[in-house]
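Trainee: Structure of the sequence below:
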Amino acid sequence: MRQDKTSLQPVAGEHWPSWWPVVVFLAAMAVLIFLYYRVVWGGVPGLVVALDHCRELYCDFVRQYYPTGRELLISGRPSNGYFYSSFFALLLVPLGHLDHGAAVSWWSVAQLIGVGLLLLPALNYYPRSRAAFSLYVVLLALSMPLLHNLKWGQVSSLVTGGVFAALFLYQRGRAGAAAVVLGLAVAIKYYVAVVAFYFLVRRDWRFLVVLAAAFSLFWLLIPTVVLGPEGNWSFYQTVRERVAHALATWMPEDINAQYMPSVVGRWLGTGAGRGVWRLLGYGVFLANLAAVARLIRRGIPRAAEWAVALLFLSLPFAIETSWPHYFVYLPFAQTLAWSELSNLPATERRRRWYLWLLLALSIILASMPFFQLVGRWQDYSRLGVLFVANLSLFILAHALTLRQPAAESDPPEPAALPST
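Mentor: Reported below is the predicted structural model:
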């Protein structure tokens, strides 16, 4: 199994920096951020109301996931508004057998697991740079998309964290486990399958075979065994019809949509020309795939991280359901860009000051302080603030990787990289 030699991975003999200054800094930041949220919004109920419509914590869980878990083995149908796989519905069945309070408590545990998975890249940053490690944690704590995910009780943190977990395992020589984890994430929410493009370009056929097998097991075989062939087919038919109805009616006009044609339509004040913007978005998405393939083949430093970041950053150009919580990957890409800019020679950093502006724009726009500054979630979403934050980082990422030299060749590596 080939391993990526350009990744941000711990290597044998690498010494981790002293941990206590980082702990002190992050403890101080945690106190300040907690006080910030407390002073501005007063607590969880205030945040829930401020972030979006629906005044209830975990609104998607309470109104869609929990009812689906309760009724799936009885009626075989998803609840209204449920747009996910039958496999994910089966995962919700145990929660559906609990009373409401206990189910919400266990869903809080699932949300904490999602946050923990999102923190995995920090373990790669820490040995290289304590500053990058600290920056990533702070950006995540102030991330509007992450707070939006927690408000709704959504699964974007879990599936994006699943991608980070798969990359984390793959870099440490555990390719089979990485493929299974990625297959699990894709079986819950399909759009993260875009990350498989990295392994396709690398021609890691064993990984792709295990990924396909894991996805087939989770998405098709298990639900078919439990629900029966007709029951599983009927479930997916119901979901498909509901998604088609949503796309044909309310979804394009929803102000929360950060999909490029939706945002541009709101900027222009008209939905006319949406088809043209959709084609342009697909063109950007495909051009990005070509650019990602090129940087993987060139073997630039941190190719795995850059590939994952760019693939995520391209989603708002192609995925119509690009809700604010989809953007939980932004702190990862922002920290990666900051690390790259910080490693430039001093004269080069000054000469390319405009790249720092792009990074600052992305960080500021995607943060809770800027969300507070805008004042209303309706204005924040209608203006496409997260789309602009994503776009500026997308441009920056390509500027940083376009002419980056290939990594120096290393001596042959063992099949499994040692963990530290």
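
Trainee: where does Q258 land in three-state SS?
Mentor: With DSSP: H, G, I helix; E, B strand; the rest coil as the basis, Q258 sits in coil.

Trainee: My guess is it contacts F327. True?
Mentor: Yes - contact status for Q258 versus F327: in contact at 7.2 Å, counting by Cβ atoms under 8 Å. Heads up, the C-betas are built off the backbone N, CA and C, glycines and all.

Trainee: hey, what's in contact with both of the two?
Mentor: L386, N390 (Cβ atoms under 8 Å, 6 or more residues apart in numbering).

Trainee: Which one of the two is surrounded by more residues?
Mentor: F327 (29 against 25; other Cβ atoms under 10 Å).

Trainee: Please give me every residue in contact with the more buried one.
Mentor: P145, Q258, A366, L386, A389, N390.

Trainee: Pipe the residues you listed into CSV and attach distance to L182, secondary structure and pLDDT per row.
Mentor: Output for these, formatted as CSV (distance: Cβ to Cβ, whole Å; DSSP: H, G, I helix; E, B strand; the rest coil; pLDDT from 0 to 100):
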residue, distance to L182, secondary structure, pLDDT
P145, 21, helix, 98
Q258, 24, coil, 97
A366, 25, coil, 98
L386, 25, helix, 98
A389, 26, helix, 98
N390, 22, helix, 98
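
Trainee: Quickly check those for the two that are furthest apart.
Mentor: Distance extremes for these: the farthest pair is Q258 and A366 at 10.9 Å, using Cβ to Cβ.

Trainee: Please enumerate the shared neighbours of these two.
Mentor: F327, L386.

Trainee: Any buried residues in the lengthiest helix in the chain, and which?
Mentor: Assignment by DSSP state H gives helix 274-298 as the longest helix of the chain. Neighbour counts over helix 274-298 (16 or more other Cβ atoms under 10 Å) mark W277, R278, G281, V284, F285, N288, L289, A291, V292, A293, L295, I296 as buried.

Trainee: Mind giving me the packing neighbours of that helix?
Mentor: helix 196-201, helix 260-268, helix 303-313, helix 385-401 (3 or more Cβ pairs under 8 Å, 6 or more residues apart in numbering; DSSP states H and E).

Trainee: and if we set it to 7 Å?
Mentor: Counting by 3 or more Cβ pairs under 7 Å, 6 or more residues apart in numbering; DSSP states H and E, the packing neighbours recorded for helix 274-298 are helix 196-201, helix 260-268, helix 303-313.

Trainee: Can you name the element that comes right after the first one?
Mentor: Sequence-wise, the next helix or strand beyond helix 196-201 is helix 205-216, with elements assigned using DSSP states H and E.

Trainee: tally of neighbours for the nearest residue to S262 once chain neighbours are set aside?
Mentor: The spatially closest residue to S262, leaving aside those adjacent along the chain, is P252, at 5.9 Å (Cβ to Cβ, 6 or more residues apart in numbering). As a burial measure, P252 scores 17 neighbours (other Cβ under 10 Å).

Trainee: what kind of secondary structure is P252 in?
Mentor: Going by three-state DSSP: P252 is helix.

Trainee: gap between it and L92?
Mentor: 28 Å (Cβ to Cβ, to the nearest Å).

Trainee: returning to what we had before: which member of the buried residues of helix 274-298 is positioned nearest T347?
Mentor: L295 (24.7 Å).

Trainee: Pretty sure the closest one sits against W306.
Mentor: Yes - contact criterion Cβ atoms under 7 Å: L295 and W306 qualify, at 6.0 Å.

Trainee: Can you pull the residues that touch both of the two?
Mentor: T401 (Cβ atoms under 7 Å, 6 or more residues apart in numbering).

Trainee: Pick the most buried one from the helices and strands packed on helix 274-298.
Mentor: Mean neighbours per residue, mean count of other Cβ atoms under 10 Å, is largest over the helices and strands packed on helix 274-298 for helix 303-313, with a mean of 25.

Trainee: Which other helices and strands does it contact?
Mentor: Helices and strands touching helix 303-313, by 3+ Cβ pairs under 7 Å, 6+ apart, are helix 156-171, helix 196-201, helix 274-298, helix 330-342, helix 385-401.

Trainee: Whatever helix or strand comes next after the first one to helix 205-216, inter-axis angle?
Mentor: Put plainly, it is helix 156-171. Per DSSP H and E, the first helix or strand lying C-terminal to helix 156-171 is helix 175-188. When axes from the mean of the first three to the mean of the last three Cα atoms, to 10 degrees is applied, the directions of helix 175-188 and helix 205-216 differ by 40 degrees.

Trainee: any weak-confidence spans in the stretch 1-150 of the chain?
Mentor: The model of the stretch 1-150 of the chain has pLDDT under 70 over residues 1-18.

Trainee: Run through the helices of it in chain order.
Mentor: Assigned by DSSP state H, counting those that start in this stretch, the helices in the stretch 1-150 of the chain fall at 20-41, 44-51, 59-60, 66-75, 86-96, 100-118, 120-128, 130-141, 144-152.

Trainee: I'd like to check what contacts the second one. Which residues are they?
Mentor: To tie it back to what came earlier, the one meant is helix 44-51. Residues from elsewhere that reach helix 44-51, judged by Cβ under 7 Å, 6+ apart: Y37, W41, R55, L57, L147, H148, K151, W377.

Trainee: residues in contact with the fifth one?
Mentor: Residues in contact with L147, defined by Cβ under 7 Å, 6+ apart, are L47, L51, M368.

Trainee: Tell me who's in contact with the last one.
Mentor: Contacts here follow Cβ under 7 Å, 6+ apart; on that basis M368 touches L142, M144, L147.

Trainee: could I get the helices and strands packed on helix 274-298 as CSV with distance to L341 and mean pLDDT?
Mentor: Output for those, formatted as CSV (distance: least, Cβ to Cβ, whole Å; pLDDT from 0 to 100):
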stretch, distance to L341, mean pLDDT
helix 196-201, 23, 98
helix 260-268, 26, 96
helix 303-313, 13, 97
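
Trainee: Can you add distance to L73 and give those helices back as a markdown table?
Mentor: Below are the helices and strands packed on helix 274-298 laid out as a markdown table (distance: least, Cβ to Cβ, whole Å):
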| stretch | distance to L73 |
| --- | --- |
| helix 196-201 | 31 |
| helix 260-268 | 37 |
| helix 303-313 | 35 |
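
Trainee: between those, which gets nearest to A28?
Mentor: helix 303-313 (27.9 Å).
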